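Visitor: Using only what follows, build the 3D model:
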Amino acid sequence: MVLQRVTALGYAVILTLVASLNYLPIPGIVDAEGRTFGLFALDIYDDALHLVSALWALAAALVSLRASRMFLILFGALYCLDGILGCYAGSGFLDLGIFTWGVLDLPLKIKVLSSLPHVFLGGFALFVGLKR
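Guide: Here you go, the predicted structure:
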């Protein structure tokens with residue numbers, strides 16, 4: 001397997017784990033108020049988005065190098081842009097949060113920390129997808 005297929009497979013695992021965070025009894029992950037790492041709450045829509053993304057990553061990794069590259073480029077661009085928007089607005093477009101909640105009145109630190117996973121995951125996926 002080449003780098004892009006292995007990376008897509010890794011994203012399938014990571015995104016499945018993220019989708020299951022609210023349902024695994026791991027102390028310190030979800031606080032008493034339902035916030036992951038004390039920063040943000042993942043709801044059923046977020047879980048579904050992560051799970052669909054995981055299935056997309058798995059399918060791409062199993063199908064071909066071309067499908068893996070396409071996944072990494074499209075997923076990377078979408079998630080990175082969603083994270084950048086989240087750094088500014090506190091909500092993103094992938095879960096429709098920017099349309100339902102608008103720009104949130106949160107401290108900049110919280111906006112940035114809660115959006116960095118999408119910026120990093122998306123940026124890395126885009127980097128690997130574009131690598132030849």
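Visitor: all helices of the chain, in order?
Guide: Counting by DSSP state H, the segments of the chain that form helices are 3-19, 44-63, 65-89, 97-100, 108-130.
Visitor: Considering these, which stretch scores lowest in mean pLDDT?
Guide: Least confident of those, judged by mean pLDDT, is helix 97-100 with a mean of 86.
Visitor: Tell me which residues are up against it.
Guide: The contact list for helix 97-100, computed with CB atoms under 8 Å, 6 or more residues apart in numbering, reads 85, 89, 91-93. Any C-beta I mention is one placed from the backbone N, CA and C, and that applies to glycine too.
Visitor: okay, it in CSV with CA atoms only?
Guide: In CSV, the C-alpha atoms belonging to helix 97-100 read as follows (Å, rounded to 0.1, in the frame of the first residue of the first chain):
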residue,chain,number,x,y,z
GLY,A,97,-23.6,25.2,12.7
ILE,A,98,-22.7,28.5,11.0
PHE,A,99,-26.2,28.5,9.5
THR,A,100,-28.1,27.5,12.7
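Visitor: so how far is that helix off the chain centroid?
Guide: On the basis of CA atoms, centre = their mean, to the nearest Å, helix 97-100 sits 17 Å off its chain's mean C-alpha point.
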